[in-house]
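Here you go, sequence then predicted model.
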Amino acid sequence: MLNRVILIGNLTREPETRKPSPELTITNFTIAVNDYKKNSDGTSNPPLYMRCVTFGQKAELARASLHKGTRVAVEGRLSQRKYIRQTDGIEMTTIETIIDNFYFLDPKDTTPRANEGGNDFRPDRPAPGVTSQVQPESSSNMDTIDTLDDDLPDFE
């Protein structure tokens with residue numbers, strides 16, 4: 001069985017961080033994920049609000065770098081847990097995304113306080129340490145495509 005999820009959305013509020021022990025940091029945040037598929041009547045579904053949990057160094061990075069409105073991609077697994085609601089003592093069930101990795105999707109200068117915490121994502125350049133093997137073609141080569149009959153499959 002496979003339990004993997006990748007979500008893209010915006011943080012709905014500031015991340016919440018706690019340290020239950022000196023060695024463990026836990027950061028929780030919620031992202032709003034939009035469904036871009038329209039209904040048959042042309043309306044959109046309301047956003048899906050997914051609670052996310054990250055631990056350790058990634059939790060510290062999330063605390064320092066993520067803020068309300070930040071657009072992120074998260075990668076992880078779904079987890080279901082039960083808890084007792086403190087206001088009335090009712091047992092509740094929640095589904096959370098346990099984050100393995102998250103990626104900044106906002107350009108560096110558009111997020112408030114983006115320079116804090118080392119948010120160095122730039123959509124116009126590769127990630128540090130990654131070299132691109134693909135060179136952009138000149139625009140004159142993009143105007144026409146030469147296709148020979150030998151290049152096409154034979155469907156006879």
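Structure received.

can you give me the helices in this protein?
Taking DSSP state H as the criterion, the chain carries its helices at 56-65.

count of residues packed around residue 63?
19 (other C-beta atoms under 10 Å). Backbone N, C-alpha and C define where each C-beta goes, glycine included.

Which stretches in the chain count as strands?
Assigned strands in the chain, in chain order: 5-11, 16-21, 24-33, 48-55, 71-84, 91-104 (criterion: DSSP state E).

Now render these as a markdown table, adding distance to residue 65, mean neighbour count and mean pLDDT.
Converted to a markdown table, the strands of the chain look like this (distance: least, C-beta to C-beta, whole Å; neighbours: other C-beta atoms under 10 Å; pLDDT from 0 to 100):
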| stretch | distance to residue 65 | mean neighbour count | mean pLDDT |
| --- | --- | --- | --- |
| strand 5-11 | 11 | 16 | 95 |
| strand 16-21 | 12 | 11 | 94 |
| strand 24-33 | 10 | 18 | 95 |
| strand 48-55 | 11 | 17 | 95 |
| strand 71-84 | 9 | 14 | 95 |
| strand 91-104 | 7 | 15 | 94 |
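
I'd like these as a markdown table, with distance to residue 63 appended.
Supplementary listing: those in a markdown table, determined by distance: least, C-beta to C-beta, whole Å:
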| stretch | distance to residue 63 |
| --- | --- |
| strand 5-11 | 12 |
| strand 16-21 | 4 |
| strand 24-33 | 5 |
| strand 48-55 | 9 |
| strand 71-84 | 13 |
| strand 91-104 | 12 |
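
quick one, what contacts residue 59?
Under the criterion of C-beta atoms under 8 Å, 6 or more residues apart in numbering, the neighbours of residue 59 are 17, 25-27.

what would those look like in JSON lines with distance to residue 98?
Conversion of the contacts of residue 59 to JSON lines gives the following (distance: C-beta to C-beta, whole Å):
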{"residue": "17", "distance to residue 98": "16"}
{"residue": "25", "distance to residue 98": "14"}
{"residue": "26", "distance to residue 98": "11"}
{"residue": "27", "distance to residue 98": "12"}
